[in-house]
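1. please find the sequence and the predicted model below.
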Amino acid sequence: MTTPTKLVGPPNVGKSTLHLRLTGSRAQMEPYPFTTQFPEPGMLPFEDIQFQLVDLPANAVPAESGLGLGQIAPWLFERLGVVRVYAKLPGHRAEKSRPFTLRRRQTLADVAPLVHRDLVRALRHARPWGAPGFEGQQVGPEHRIADGVVALHS
Ligand SMILES: Nc1nc2c(ncn2[C@@H]2O[C@H](COP(=O)(O)OP(=O)(O)OP(=O)(O)O)[C@@H](O)[C@H]2O)c(=O)[nH]1
Ligand SMILES: [Mg+2]
């Protein structure tokens with residue numbers, strides 16, 4: 001088992017240097033801010049376990065002035081790969097105000113237990129709307145989720 005841990009901080013303070021020293025990663029370090037553009041994972045061994053240490057791009061939003069504050073939520077949304085699923089059950093309208101939030105690469109089988117306990121076993125097929133190419137087309141529980149409405153059928 002690994003324990004994911006994130007390395008965050010202001011620009012140019014030596015996060016990547018530390019990451020490289022700890023994990024032997026190929027994290028890029030330069031004497032100017034915003035060198036790190038993408039998350040860089042590395043493994044830090046300790047006795048018989050390993051920490052997964054992720055070097056992250058700098059957070060340059062000054063809390064005092066609030067400049068750029070509005071970018072944080074969309075950035076998190078994108079980087080975490082959040083997907084919103086609006087579930088529709090037979091005989092009900094789609095719940096458009098309360099999406100279930102999952103992550104990219106999850107499947108409709110992962111949606112089922114969030115909607116109803118019984119759906120875990122009962123889900124037979126679904127019809128997703130939102131992703132191009134799957135507008136209402138029948139798909140199985142293994143189908144990868146996308147933002148949009150999904151009609152679930154047991
Ligand atoms: N003097 C000194 N310089 C350091 C230390 N750690 C890192 N540096 C230098 O500081 C600069 C920035 O290092 P990085 O590791 O790229 O910093 P960072 O925080 O990852 O920067 P961003 O990815 O741009 O946010 C590099 O020139 C490093 O060589 C330290 O402990 N002391
Ligand atoms: Mg860096």
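-> On my side now, so go ahead. Note that the structure is predicted; figures quoted are calculated from it, not measured. Ligands and ions are numbered 1, 2, ... in the order given.

2. what helix or strand is residue 18 located in?
-> Residue 18 belongs to helix 15-23 when elements are defined using DSSP states H and E.

3. buried stuff in stretch 12-19?
-> 12, 15-16, 18-19 (16 or more other Cβ atoms under 10 Å). For the C-beta atoms, the positions are set from N, CA and C on the backbone; glycine is no exception.

4. and the residue sitting furthest away from the middle of the chain, how close does it get to residue 138?
-> Taking Cα atoms, centre = their mean, the residue of the chain most remote from its mean C-alpha position is residue 91, at 31.2 Å. From residue 91 across to residue 138, the span is 18 Å (Cβ to Cβ, to the nearest Å).

5. can you name the residue of the chain nearest ligand 1?
-> Closest to ligand 1 within the chain is residue 14: 2.8 Å, counting by Cβ to the nearest ligand atom.

6. the residue farthest from the centre of the chain belongs to a helix?
-> No. Counting by DSSP: H, G, I helix; E, B strand; the rest coil, residue 91 falls outside a helix, being coil.
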